[in-house]
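Visitor: predicted model, plus sequence, below.
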Amino acid sequence: MTIESSPNLIDRLSATPYYQQLSDVLEKRIANREIQAGARLPSENDICIEFGLSRATVRQALQLLETRGYATRVNGRGVYATEPESSHGWMIQGGEGFLENAMGHQNRAVATRVLSHEKCVLPSFACAALHISQESEGYRLERLRYLDGVPALYSVNYSPPFVVPILEDASEVLSGSASFSDLLKKAGVLLGGANRTIRAVSVDEVIAGHLEIPVGASVLHIRSVSWTTDGNRFDIYDTWVRSDVIPLEINVSTVQLGGR
């Protein structure tokens, strides 16, 4: 069997980890139907050869692909492409960031560590969610949030082209000492609404390392897409939350309906 080499699809100079880049490439192939839902993905060895990457990196990429809902592993048979389920779950209201929303007004110490940030070509799923052209250039911000000194939340934000100039010069946000949400408000990017999808997932080695929990441990995965008051989408993020540190709190209100 002849395996076509695709090493140029991995940017060796980018701050984005190789496994993240590989996962984005595979996700794009599934989203574009180059790999049909239900089809078996190439073996780990074949992917290693095609992209010139180590087996450990390929495994991490496939685990991330599973977390995002684009693949499922069948023991003894391999990894198969899947289509992410559409969201029909609970809707959590509120315009605050997830950590701020979950924290409420508790008197607890929150700290942010920026792991990486860069201007880059956005992954396929982010372009689709932001309603921009595939392979658009935007901004990627990777952060780890601590609650009372304990790693509580790992997140990756993707911003569209019009937000890039705002972020590039935001040294305080990029150092973790200021709020991304506050920066956008000051720049006139006002939140009009957001959709947040929450699922329980098992973490891979990389996310487990950041959150200091065992590989395979269960966490909450949140994907959020935000738009402005005039409907322009300005942010999509993936967040993995330790619910033993930050409990999920949902407020339920009753609505009085008129009689028939």
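Guide: Received, thanks.
Visitor: helices and strands of this structure: which one has the lowest mean pLDDT?
Guide: None of the helices or strands of the chain scores lower by mean pLDDT, DSSP states H and E than helix 98-103, at a mean of 54.
Visitor: that helix: what's the following helix or strand?
Guide: Taking DSSP states H and E as the definition, the helix or strand that follows helix 98-103 towards the C-terminus is strand 110-121.
Visitor: quick one: buried residues of that next one?
Guide: Of the residues in strand 110-121, Thr112, His117, Cys120, Val121 count as buried by neighbour count, 16 or more other C-beta atoms under 10 Å. All C-beta spots, glycine's among them, are computed from the backbone N, C-alpha and C.
Visitor: strands of the stretch 1-150 of the chain, residue ranges please.
Guide: 71-74, 78-81, 110-121, 137-147, 150-159 (DSSP state E, counting those that start in this stretch).
Visitor: among those strands, which is the most enclosed?
Guide: For these, ranked by mean neighbour count under the definition mean count of other C-beta atoms under 10 Å, the leader is strand 150-159 at a mean of 22.
Visitor: looking at the strands of the stretch 1-150 of the chain, which is closest to Arg233?
Guide: Of all these, it is strand 150-159 that lies closest to Arg233, at 9.9 Å by C-beta to C-beta.
Visitor: and the angle from that closest one to strand 137-147?
Guide: Compare the direction of strand 150-159 with that of strand 137-147 by axes from the mean of the first three to the mean of the last three C-alpha atoms, to 10 degrees and you get 170 degrees.
Visitor: what helices or strands is strand 150-159 leaning on?
Guide: helix 98-103, strand 137-147, helix 205-211, strand 233-241 (3 or more C-beta pairs under 8 Å, 6 or more residues apart in numbering; DSSP states H and E).
Visitor: sheet partners, orientation included, of that strand?
Guide: strand 137-147 (antiparallel), strand 233-241 (antiparallel) (DSSP bridges).
Visitor: how about the helix or strand where Asp182 lies: buried residues?
Guide: Element membership of Asp182 [criterion: DSSP H and E] is helix 180-186. By neighbour count, and taking 16+ other C-beta under 10 Å as the criterion, the buried residues in helix 180-186 are Phe180, Ser181, Leu183, Leu184.
Visitor: distance to Gly216 and pLDDT added to the buried residues of strand 110-121, as a markdown table?
Guide: Compiled in a markdown table, the buried residues of strand 110-121 are given as follows (distance: C-beta to C-beta, whole Å; pLDDT from 0 to 100):
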| residue | distance to Gly216 | pLDDT |
| --- | --- | --- |
| Thr112 | 26 | 92 |
| His117 | 29 | 95 |
| Cys120 | 29 | 94 |
| Val121 | 31 | 93 |
